[in-house]
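Asker: A structural model of the following input is requested.
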Amino acid sequence: MARDQIDTQPVESRDQLVAWLEEGCKPATRFRIGTEHEKFPFTLNGHEPIPYEGEAGIRALLEGMRTLNGWEPIMEGETIIGLADNVGGGAISLEPGGQFELSGAPLISIHETCAEVNGHLEQVRAVAEPLGIGFLGLGMSPKWTLGETPVMPKGRYRIMANYMPKVGTRGLDMMFRTCTVQVNLDFASEADMVKKLRVGLALQPVATALFANSPFTEGKPNGYLSYRSEIWRDTDNNRAGMLPFAFEDGMGFERYVDYALDVPMYFIKRGDTYIDVAGSSFRDLLAGRHPALPGERPVISDWANHLSTIFPEVRLKRYLEMRGADGGPWAQLCALPALWTGLYYDAASLDAAWDLVKGWSAAERQALRDAVPTQALDARIAGRSVREIAGDVLAIARAGLLRRDIRDSQGRDETRFLRPLDECVASGLTPAQKLLARYEGEWHRSVEPVFEEDAY
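Answerer: Residues are numbered from 1 along each chain as shown. Predicted coordinates:
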């Protein structure tokens, strides 16, 4: 989850909120790739969750990482809750249940992204192993109950945890027991943003299927291939979903601002203090009549923080966030940005991707979204399987990466990072289905081996 913003510029009008989003537009020469990935820390001895405090806790892990890489601590009062690379732009943050997240720096190529992933995981391992800590890349915590899962000491998470059960049945699972990998990508103009947002929303279930990797809950199969994706269907539907309005005429920054203004707030932050305003209206704050701060208007950081608490399948900030994929093994942390970069950062590929999805109706897109958590590559839309469509999507992405033609020091282009997805489509097996086969076979119906065989 993103760091809280600090920008005290007052907001006087809705137009200012629109302008703030529009400032994300940049020329294609300045497009960057930001990859975020979460992972579950666990005890190497016993495969238990890691608490915040203690000699071998999350705090010790953060302090060790700080010593190793020299990043600045992110503090909440006296509590270290993350690390920031003020030179490169990356950050390490904590999800509510201790999931350890790297928010990667904005980089030019997938080669750089993959080097960043590799460097981060090597650093984390160097600090974690002496503490007896390992890391697991899955979309859902495979073993622990909610009660066994620790709670990280972050003010915003306390507010969210209190509010979630009022608006859905699975919000606490989302917060404490899921992990994702996502990529953040740029847009050149309002029209470019709208096209990318539409393509991203329509194809997000295809990415969910390719990366489906959350088949276990509390030590047993849960009946889903991407249970993380299913959890989002009943977390808080006022702030999640497929954004059908994005496909309507007149879509643009203003329309998204109007949507975001109607998403209930979680909190307002003043200094280090989080004021619980869960369920209240940003429109009231904008008008100077919010009951928690009567007469006070918002500042830009209030708006930026509010946008970070909206959770659609593709999220608009000053860039676009692809949010549909489960956390997964090392190779898939590079495959996700490769997929979307190939589709988004080449004009011909973006056109081809739009041609692929533009005929789908809102009802068809929603039905696909609803089917994918259980059916993954076997789900269907417009008479075709997701597996067939994924083959087309990968061909389009590969062509885009080939035209980008960014080479590494060994002369290789970025298409090699798509290989895990090629194998998925060729075999018809998602990562989750491969895990389930091992569970029924050599694992003898135990999830314990996943902590050894699939750890980073």
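Asker: tally of neighbours for the spatially closest residue to Gly77 that is not a sequence neighbour?
Answerer: Nearest non-adjacent residue to Gly77, counting by CB to CB, 6 or more residues apart in numbering: Asp272, 5.3 Å away. (Each C-beta comes from the backbone N, C-alpha and C, glycine too.) By the other CB atoms under 10 Å criterion, the neighbourhood of Asp272 contains 12 residues.
Asker: List the beta-bridge partners for Ile92.
Answerer: In this entry, Ile92 is beta-bridged to Leu83, Leu102, by DSSP bridges.
Asker: In contact with Val117, which residues?
Answerer: Contact analysis of Val117 by CB atoms under 8 Å, 6 or more residues apart in numbering lists 35, 37, 102, 104, 330, 333-334.
Asker: Could you work out the most separated pair of the residues you listed?
Answerer: Across these, no pair lies farther apart than Gly104 and Trp330, at 14.4 Å, counting by CB to CB.
Asker: which one of these two has more residues nearby?
Answerer: More crowded of Gly104 and Trp330, by other CB under 10 Å: Gly104, with 26 against 16.
Asker: thought that one was touching Ile92?
Answerer: No. With contacts defined as CB atoms under 8 Å, Gly104 does not count as touching Ile92, sitting 10.3 Å away.
Asker: Give me the next element, helix or strand, following the lengthiest strand in the chain.
Answerer: When every strand of the chain is counted residue by residue (DSSP state E), the longest turns out to be strand 33-43. Using DSSP states H and E, the helix or strand that follows strand 33-43 towards the C-terminus is helix 58-69.
Asker: From the contact counts, what lies against that next one?
Answerer: strand 79-84, strand 91-94, helix 110-128 (3 or more CB pairs under 8 Å, 6 or more residues apart in numbering; DSSP states H and E).
Asker: For Ala426, find the nearest of these.
Answerer: Of the helices and strands packed on helix 58-69, nearest to Ala426 by CB to CB is helix 110-128, at 20.9 Å.
Asker: For the closest one, give the mean pLDDT please.
Answerer: Helix 110-128 carries an average pLDDT of 97.
Asker: Buried residues of that helix, list them for me.
Answerer: Of the residues in helix 110-128, 110-114, 116-117, 120-121, 123-124, 127-128 count as buried by neighbour count, 16 or more other CB atoms under 10 Å.
Asker: Can you convert those into a markdown table and add a column each for distance to Met160?
Answerer: As requested, those are exported to a markdown table (distance: CB to CB, whole Å):
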| residue | distance to Met160 |
| --- | --- |
| Ile110 | 33 |
| His111 | 36 |
| Glu112 | 33 |
| Thr113 | 29 |
| Cys114 | 32 |
| Glu116 | 28 |
| Val117 | 28 |
| His120 | 26 |
| Leu121 | 28 |
| Gln123 | 29 |
| Val124 | 26 |
| Val127 | 28 |
| Ala128 | 27 |
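Asker: Most distant residue from the centre of the chain?
Answerer: Gly295 (35.5 Å; CA atoms, centre = their mean).
Asker: Assign a three-state SS to the residue nearest to that one when sequence neighbours are not counted, would you?
Answerer: The shortest distance from Gly295 to any residue other than its chain neighbours is 5.7 Å, reached at Gly288 (CB to CB, 6+ apart). Per DSSP: H, G, I helix; E, B strand; the rest coil, the local secondary structure of Gly288 is coil.
Asker: do Ile406 as well
Answerer: Counting by three-state DSSP, the backbone at Ile406 sits in coil.
Asker: wait, it sits on His111?
Answerer: Yes. If you go by CB under 8 Å, Ile406 and His111 touch, sitting 6.9 Å apart.
Asker: Spit out the residues that contact these two alike.
Answerer: In contact with both Ile406 and His111: Glu414, using CB under 8 Å, 6+ apart.
Asker: Let me know the pLDDT of Ile6.
Answerer: 68.
Asker: can you give me phi and psi for Thr273?
Answerer: The phi and psi values for Thr273, taken as degrees, to the nearest 10, are phi -100, psi 130.
Asker: An error on my part: the question was meant for Met322.
Answerer: Dihedral angles of Met322 (phi, psi; degrees, to the nearest 10) stand at phi -90, psi 110.
Asker: Quick one: neighbours of it, just the number.
Answerer: 28.
Asker: Distance check, it against Glu313.
Answerer: Relative to Glu313, Met322 is positioned 8 Å away (CB to CB, to the nearest Å).
Asker: for Arg297, same thing?
Answerer: From Arg297 to Glu313 the distance is 31 Å (CB to CB).
Asker: between the two, who's got more neighbours?
Answerer: The neighbour comparison of Arg297 against Glu313 (other CB under 10 Å) goes to Glu313, with 24 against 16.
Asker: got a list of what that one touches?
Answerer: For Glu313, the contact set (CB under 8 Å, 6+ apart) comprises 200-201, 204-205, 240-243, 323-324, 369.
Asker: Now it: closest residue in space that isn't a chain neighbour?
Answerer: Closest to Glu313 by CB to CB, 6+ apart is Gln204, at 4.2 Å.
Asker: Could I get the contacting residues of that neighbour?
Answerer: Listed by CB under 8 Å, 6+ apart, the contact set of Gln204 reads 242, 313-314, 322-324, 369.
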